[in-house]
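Student: I need the structure of the sequence given here:
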Amino acid sequence: MDAELVRAKLASEEISCTITVAPDGKQFARVLEESADCFDLILADMSIPGYDGVAALKLALEQCPDTPFIVISGTVGEERAVETLRKGATDFILKGNMGRLGSAIRRALKEAEEHCNRQRAEESLRRLNAELEQRVQERTAQLEATNQELQAFNFSVSHDLRAPLTIIDGFSKAILEDFGTDLPSEALDYLQRIQKAGQRMTRLIDALLNLSRLGREPITPEQTDLSAIAGTIEQELRYIHPDRTGVTIRITDGITVRGDRRLLRSVVENLLSNAWKYTARREQAEIEFGVMKQGEKPVYFVRDNGAGFDMRYAGQLFTPFQRMHRSEEFEGNGIGLATVQRIVHRHGGRIWAEAEEGKGATFFFTLG
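Tutor: Purely as a prediction, here's the structure:
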C-alpha cells in the first residue's frame, strides 16, 4: 500500500491525523506491541512484506480488538475480500476505488466511537449493578440484624412484661376473693380498675407480638375459600353474642383465592369483627362480605352500616394504636387494622376504606 497515496487522499478529504507507517510484518507487530494505547484506525495492505493482510488482521484483533481495521488491496478477488470481512475486518477497499476511503474511515471511526460509548455505558451499568448488589447485601444484613434484635425484644416483652402483669392480675384476684367483702366500695372499685388495666395491657402485648411476628413468618400459599371462612366467623360471632339478633350478614359464595389460609382468616376475621362491633348501636345491622371487579382485578370488601368515621382521618386507619372512636364508645386496642394491612401487603395487595360518619364503612382489599 502506498503510504503517500493514503496521506494525500486523507488530506484531500480534510481528515486530520498522525500516521505511523509499518513497512513490513515485523515492524507492524513491534508497533502494535510498543504502542501505549491502541490506534484509532489501522489501514493494512493485503500484501505486506513478510506478512499478509489476514495475519495482520489476526494480530490486530488480539491486541486491539476494538480498533477498526480497513484492508486496501488492488489484486485480491471478491471471495478473498469477503473472507477477510468475515474474519473481522471493518471494510475492504480496492485501490482502484480509493475515492471512498474517506467515507469508509469516517464511518469506521463513528461506529468505533459508538461501540466505545456502549462499552462505557455497559461498564457503568455493571459497576452500578455491583454497587446496588453490595448495598442490597448490606441492607439485608442490617435487616437480619434488626430482626434478631426485634426477636430479642419480643422475648423480653413476652417474659419481662408479662411476669409483673401476671403477678398484678393474680394478687388482684386474690385480694378480691379473700378480702373483697371487707373492702370499702371505693377501694374495691380501684382494685377492679387495676385488674382490668392489667388484663388490657396483657391483651395489648399479645396483639403487638402477633403484629411483629407477621413480618417474619413464612407464607404458605394454598387455595383458600374466603366465603367459607367468613361463614365460620359469622357463626362464631353469633355464638359469642347471642343477644345480637338484629344483624344481617350477607356473604357472596365462591370467593376463592390463593394465599396463606391462616393469615387470610385473620384478615376476614378482623374486618368482620370490626363491622360487627361498629354496628352494635344499630337495631337492624347490615354487614356484607363480597367481591367486585376493578378493571381485570378482583377487589374484596367488607361493608357495614355502622358508626363509620370521618374520611379526613382515613390515613391513620392502619397505624398501630390509632383509633377513630374513643374506647368508651367501642372497645379495642388499635392493632387489628394494622395487622390486616401487614397481611395484605405480604400477599402483594393493598387495602383502603371509604366511610361516612353515622352511615357505615367499607373496607376494600386486593391480593397479589
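
Student: how about the strands of this structure, start to end?
Tutor: Here the chain has its strands, by DSSP state E, at 42-45, 69-73, 91-94, 221-225, 247-251, 256-260, 285-294, 297-304, 351-356, 360-365.

Student: compile these into JSON lines and extend it with columns for mean neighbour count, distance to P23 and mean pLDDT.
Tutor: (C-beta placed from N, C-alpha, C; glycine too.) Below are these laid out as JSON lines (neighbours: other Cβ atoms under 10 Å; distance: least, Cβ to Cβ, whole Å; pLDDT from 0 to 100):
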{"stretch": "strand 42-45", "mean neighbour count": "23", "distance to P23": "10", "mean pLDDT": "81"}
{"stretch": "strand 69-73", "mean neighbour count": "22", "distance to P23": "15", "mean pLDDT": "81"}
{"stretch": "strand 91-94", "mean neighbour count": "19", "distance to P23": "19", "mean pLDDT": "80"}
{"stretch": "strand 221-225", "mean neighbour count": "14", "distance to P23": "74", "mean pLDDT": "94"}
{"stretch": "strand 247-251", "mean neighbour count": "16", "distance to P23": "93", "mean pLDDT": "94"}
{"stretch": "strand 256-260", "mean neighbour count": "17", "distance to P23": "75", "mean pLDDT": "94"}
{"stretch": "strand 285-294", "mean neighbour count": "16", "distance to P23": "77", "mean pLDDT": "93"}
{"stretch": "strand 297-304", "mean neighbour count": "19", "distance to P23": "74", "mean pLDDT": "95"}
{"stretch": "strand 351-356", "mean neighbour count": "17", "distance to P23": "80", "mean pLDDT": "92"}
{"stretch": "strand 360-365", "mean neighbour count": "21", "distance to P23": "80", "mean pLDDT": "94"}
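
Student: how is this structure carved up into domains?
Tutor: Taking automatic domain parsing as the reference, the chain has its domains at 3-117, 143-214, 221-365.

Student: and those, which is most packed in?
Tutor: domain 221-365 (a mean of 17; mean count of other Cβ atoms under 10 Å).

Student: what's in contact with stretch 361-368?
Tutor: 257-259, 264, 267, 271, 274-275, 278, 294, 297-304, 306-309, 340, 344, 347-355 (Cβ atoms under 8 Å, 6 or more residues apart in numbering).

Student: scratch that, stretch 90-103 is what I was asking about
Tutor: By Cβ under 8 Å, 6+ apart, stretch 90-103 touches 1, 5-6, 9-10, 12-13, 15, 68-74, 81, 84-85, 104, 107-108, 111.

Student: count of neighbours near N129?
Tutor: Residues lying near N129 (other Cβ atoms under 10 Å) number 10.

Student: ends of stretch 244-257, what's the gap?
Tutor: By Cα to Cα, to the nearest Å, the extent of stretch 244-257 from end to end equals 30 Å.

Student: keeping just the C-alphas, turn stretch 283-296 into CSV.
Tutor: This file holds the C-alpha atoms of stretch 283-296, laid out as CSV (Å, rounded to 0.1, in the frame of the first residue of the first chain):
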residue,chain,number,x,y,z
GLU,A,283,-81.3,-2.0,65.6
GLN,A,284,-81.0,-3.5,62.1
ALA,A,285,-77.3,-4.0,61.4
GLU,A,286,-76.2,-5.0,57.9
ILE,A,287,-72.9,-6.5,57.0
GLU,A,288,-71.7,-7.8,53.7
PHE,A,289,-68.6,-9.7,52.5
GLY,A,290,-68.3,-9.7,48.7
VAL,A,291,-66.1,-9.2,45.7
MET,A,292,-66.2,-6.8,42.7
LYS,A,293,-64.1,-6.1,39.7
GLN,A,294,-61.7,-3.2,39.3
GLY,A,295,-60.5,-3.5,35.7
GLU,A,296,-59.5,-7.1,35.5
